[in-house]
Every structure is written in structure tokens, then in C-alpha cells.
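Here is my input, please return the structure:
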Amino acid sequence: MKQMLGVLALLASFATPAFAQTSSTAPQLNITTAAAMDMAHYAVGLAENRHLKLCIAVEDTDGNLVAFIRMQGAYAGCVEASIAKAKSAARFARNTIEFFDAVRTQNLPIGFVPGILPSAGGAVFKQGDTVVGSIGTSGDTNENEQALVIDTAKHFH
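Here you go, the predicted structure:
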């Protein structure tokens, strides 16, 4: 029960504030297809320079796939993992390393929460202060994947 309360508290801390709207719909900024492809190709360039073979997924703010590249030599089993990392980051507007660190440091069992992937390698990117998409990678170490997504997201910030 104590762990469940910890999980709920963690999820509540990730909640984003509601924006006041005068209409019943809210416009949402999202990455364009061209920008998603640019981001994926930039990430491939970084990966090649670092001698990594990765699967790279770019998703919109709703966690829908917009661009995907499986580099030559990347493991087939990493396709779904890269997409899941990008989806987790997008849907919770948080880098997946935050979930990963919470699991490790606080022993929180958040991996069972639908949509959360407590892993390195998923990051959001923003336009100003607004999340407009996410990127996920898989195929190498946690450290290499995390560095690549952060460097890519910073380049497009």
C-alpha cells in the first residue's frame, strides 16, 4: 500500500497544469513531419559519429509515430522499444529517465502503469516552454541512448 501511494504521488507530480481556455477545444502545438524527419536524421548523424547502431523514433505530443529510422545493424528487437520510449515521454511530457530514476532510487513499481516505460533513452523536446514531441532510441547502453536523445532534443529546442 505504501508503494502504491508513492506511485500515485509520483504520477501526480508529473501532472501538467491546465490552461484556461475560452472555447471547448485547445489548440495543440505538434511537430511537423518535416521537422520529425530532420530530427531523426540529426539523431542518426550523432549516432554514426558515436559509432552507435540504433532505432530512432520521433512522435508527436499525443505519442503517435511521425518518423522512424532503424539504422543498418540495429537490432530488430529495438524497434518497439524505441517507439515505446518516445511514446512514454510524449504522453507524460517527461523524459523517461525520470521514471527510470524513480524506480531505482525510490523502488517505486511504476512499470505496471500503462504507458510508462521506466528506461533511459526517451526525451521530450519543446518549442519555448511547450512540449511539441518526443524522441526515443534503443540499441545501446542507457548512458549512450540518454546522451543522444538529450543532445538531439537540445539541438531542436
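
Buried residues in stretch 71-80, which are they?
Going by neighbour count (16 or more other Cβ atoms under 10 Å), the buried part of stretch 71-80 is 71, 74, 78, 79. Using the backbone N, CA and C atoms, a C-beta is placed for each residue, glycine as well.

how long is that stretch end to end?
Using Cα to Cα, to the nearest Å, one end of stretch 71-80 lies 14 Å from the other.

What is the most widely separated pair among the buried residues of stretch 71-80?
Spatial extent of the buried residues of stretch 71-80 (Cβ to Cβ) is set by the pair 71 and 79 at 11.1 Å.

Quick check: neighbours shared by those two?
Common contacts of residue 71 and residue 79, defined by Cβ atoms under 8 Å, 6 or more residues apart in numbering, comprise residue 55.

And the longest strand seen in the chain, what does it pack against?
When the chain is parsed with DSSP state E, its longest strand is strand 130-138. Packing partners of strand 130-138 (3 or more Cβ pairs under 8 Å, 6 or more residues apart in numbering; DSSP states H and E): helix 33-49, strand 55-59, helix 78-92, strand 122-127, helix 142-155.

So what's the predicted local confidence for the spatially closest residue to residue 91 that is not a sequence neighbour?
Once flanking residues are discounted, residue 91 sits nearest to residue 63: 4.4 Å by Cβ to Cβ, 6 or more residues apart in numbering. We note a pLDDT of 94 for residue 63 in this prediction.
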